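**Q** any chance you could fold what I've pasted below:
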Amino acid sequence: MKLIVKTSLHYLWLSLSILAATGVIFYMVLRHNISKEIMEQLELQVDMVSREIEKGNQLVFPLVEIKRESANANKLPVFKDTLIYDHLQKEYEGYYYFKEVKIIKGTPYSIKVMTTYIGWNEYLKTISWIFIGLTFLLVTAGIIVNYFTSKRIWRPFLNNLAILQEHSLQTHGQLLLQGSDIDEFEKLNAVLSDYAARNRKEYTGLQEFTENASHELQTPISIIRSRLESVSQQPLQNDVVSYVNDAKQALERLSKVNKGLLLLAKLTHDNFPDMQTLRVSIVLADQIAQLEELFESRGLKLQQDIEITAIKASPHLFDIMISNLLSNMIRHASQGGYVSVALNSNKLILTNEGKKLPFPEAELFVRFKKNSGSSASVGLGLSIINQICLVHKWKITHYYHNSRHIFTVWFTSN
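**A** Here you go, the predicted structure:
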């Protein structure tokens, strides 16, 4: 739920609660005052009737009942409502009546006067409907004013939120947030700008360290490789030959890690501007042909569904991505199992039979995260693939279904 909608709903419920409580109190007070006014009028009418009786005048008051009472009759006044059948309307109508015993010339008289409260009820209904109408207008106007006022107040915050969503540490530009005349928003902007600047500085330092370390490692790796080659040319005992071969394998692994880290450092700095329209279907077919012997050595049954496709991409990066994807598929496919490659203008799909991941799927594209059973992998391939997709604004997904790993590279925003 959006913040503006939530605040508007809070305002609505609070306003309705307050106005409902006010309406109930208003109704009760109004009804009490009406009843009090009717009672006062009826009391006045009783007094007028008693004076007319005392004067001996003929009574001209409607809805009046007079009768003599005994000396011990209840002299407490009574004010109640009742129903009287109207023969003309063929229905019962509501009345208030006031009954009081008056001593007139030493004789107790019970005087009962009545009045209909239909007029008073209409008066009460009219006032109530006016109150309901005003309540509706006030609530509606309040919601509209609150909505647009809140929208104007929160606009800088929402604009800055959009800026933060688009901001990346890989871009070297400063985080420029929209200013506001609200102190809390300005304080938030200052904190976010400082936080982004510190993160960018740390990120840049880490990238420079990785890149520098990779460059510096290339020279000693080359020297060690050269020395090992020289040693391997000499007559050696069998156990020494085994040690040299182990050292070569470890060195090759180190070299792959170094190249992978260097490539990742370049990718995060967007150092590959050579975007061009690429016949990716041809690149994919060539890569598969080069790996044909590997497919055969593992007894893999390859299914292909490759459409003629051209997309805008870096040839070098796309070649690396395809190579890593195919190598990953071959390495982790079940021996003698089925693998498939499908390509169209929207996506590239690679599927292989294999065991379930031994770690959470969310960690699949993390650096150096690999299947412990695969010693040949250095744990950087999928991280490099993911970074290449980010550079091209593509998306790569993975899910495991029916004992099959399915990797999909989406070339479109869908």
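**Q** tell me the mean pLDDT for stretch 219-239?
**A** Taken as a whole, stretch 219-239 has a mean pLDDT of 76.
**Q** centre of the chain to it, how far?
**A** 60 Å (C-alpha atoms, centre = their mean, to the nearest Å).
**Q** show me the contact partners of that stretch.
**A** Residues from elsewhere that reach stretch 219-239, judged by C-beta atoms under 8 Å, 6 or more residues apart in numbering: 241, 244, 247-248, 251, 254-255, 258. Where C-beta positions appear, they are placed from N, C-alpha and C, glycine not excepted.
**Q** buried stuff in it?
**A** Of all the residues in stretch 219-239, those buried under the rule 16 or more other C-beta atoms under 10 Å are 221, 224-225.
**Q** now, those that are in strands?
**A** Counting by DSSP state E, none of the members of the buried residues of stretch 219-239 fall within strands.
**Q** and the helices in the stretch 201-350 of the chain?
**A** Per DSSP state H, counting those that start in this stretch, the stretch 201-350 of the chain carries helices over the ranges 238-268, 280-290, 292-297, 315-332.
**Q** next, give me the two most distant ones among the contacts of stretch 219-239.
**A** Greatest spatial distance among those (C-beta to C-beta): Val241 and Asn258, at 25.6 Å.
**Q** the more surrounded of these two?
**A** Ranked by neighbour count (other C-beta atoms under 10 Å), Val241 and Asn258 place Asn258 first, with 18 against 14.
**Q** ok so, going back, closest one to Ser193 among the helices of the stretch 201-350 of the chain?
**A** Nearest of the helices of the stretch 201-350 of the chain to Ser193, taken as C-beta to C-beta: helix 238-268 at 21.9 Å.
**Q** got the domain boundaries for the chain?
**A** The chain breaks down into these domains under automatic domain parsing: 3-140, 183-268, 276-410.
**Q** who's in contact with Leu251?
**A** Going by C-beta under 8 Å, 6+ apart, Leu251 touches 221, 224-225, 228.
**Q** need the helices of the stretch 201-350 of the chain in CSV (columns: distance to Trp394).
**A** Below are those laid out as CSV (distance: least, C-beta to C-beta, whole Å):
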stretch, distance to Trp394
helix 238-268, 13
helix 280-290, 12
helix 292-297, 26
helix 315-332, 9
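**Q** low pLDDT regions in the stretch 301-414 of the chain?
**A** For the stretch 301-414 of the chain, the stretches flagged by pLDDT under 70 are 358, 360-363, 366-379, 413-414.
**Q** so where's the stretch 51-200 of the chain shaky on pLDDT?
**A** 117-121, 169-173.
**Q** on that earlier part again, farthest-separated two in the contacts of Leu251?
**A** Pairwise distances across those peak at 10.6 Å for Ile221 and Leu228 (criterion: C-beta to C-beta).
**Q** quick check, nearest of the contacts of stretch 219-239 to Leu206?
**A** The closest of the contacts of stretch 219-239, once distances to Leu206 are taken by C-beta to C-beta, is Asn258, at 16.3 Å.
**Q** on that earlier part again, need the contacts of stretch 219-239 in JSON lines with distance to Lys112, can you?
**A** Listed next are the contacts of stretch 219-239 as JSON lines, based on distance: C-beta to C-beta, whole Å:
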{"residue": "Val241", "distance to Lys112": "130"}
{"residue": "Val244", "distance to Lys112": "127"}
{"residue": "Ala247", "distance to Lys112": "122"}
{"residue": "Lys248", "distance to Lys112": "122"}
{"residue": "Leu251", "distance to Lys112": "119"}
{"residue": "Leu254", "distance to Lys112": "114"}
{"residue": "Ser255", "distance to Lys112": "115"}
{"residue": "Asn258", "distance to Lys112": "112"}
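**Q** can you list contacts of stretch 240-248?
**A** So stretch 240-248 is contacted by 224-225, 228, 231-232, 236 (C-beta under 8 Å, 6+ apart).
**Q** want to throw the buried residues of stretch 219-239 into TSV with distance to Gly23?
**A** Listed next are the buried residues of stretch 219-239 as TSV, based on distance: C-beta to C-beta, whole Å:
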residue	distance to Gly23
Ile221	84
Ile224	89
Arg225	89
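**Q** just give me the neighbour total for Cys389.
**A** Cys389: 19 neighbours (other C-beta under 10 Å).
**Q** remind me what the helix or strand hosting it packs against, helices and strands.
**A** Per DSSP states H and E, Cys389 falls inside helix 381-391. If you count contacts as 3 or more C-beta pairs under 8 Å, 6 or more residues apart in numbering; DSSP states H and E, helix 381-391 packs onto helix 238-268, helix 315-332, strand 395-401.
**Q** point out the most buried one among those.
**A** Compared across those, helix 315-332 shows the largest average neighbour count, a mean of 19 (mean count of other C-beta atoms under 10 Å).
**Q** okay, the angle between that one and strand 395-401?
**A** Calculated by axes from the mean of the first three to the mean of the last three C-alpha atoms, to 10 degrees, helix 315-332 forms an angle of 10 degrees with strand 395-401.
**Q** next secondary structure after the strand or helix carrying Leu14?
**A** Leu14 belongs to helix 3-55 when elements are defined using DSSP H and E. Where DSSP H and E defines the elements, the next helix or strand beyond helix 3-55 is strand 64-68.
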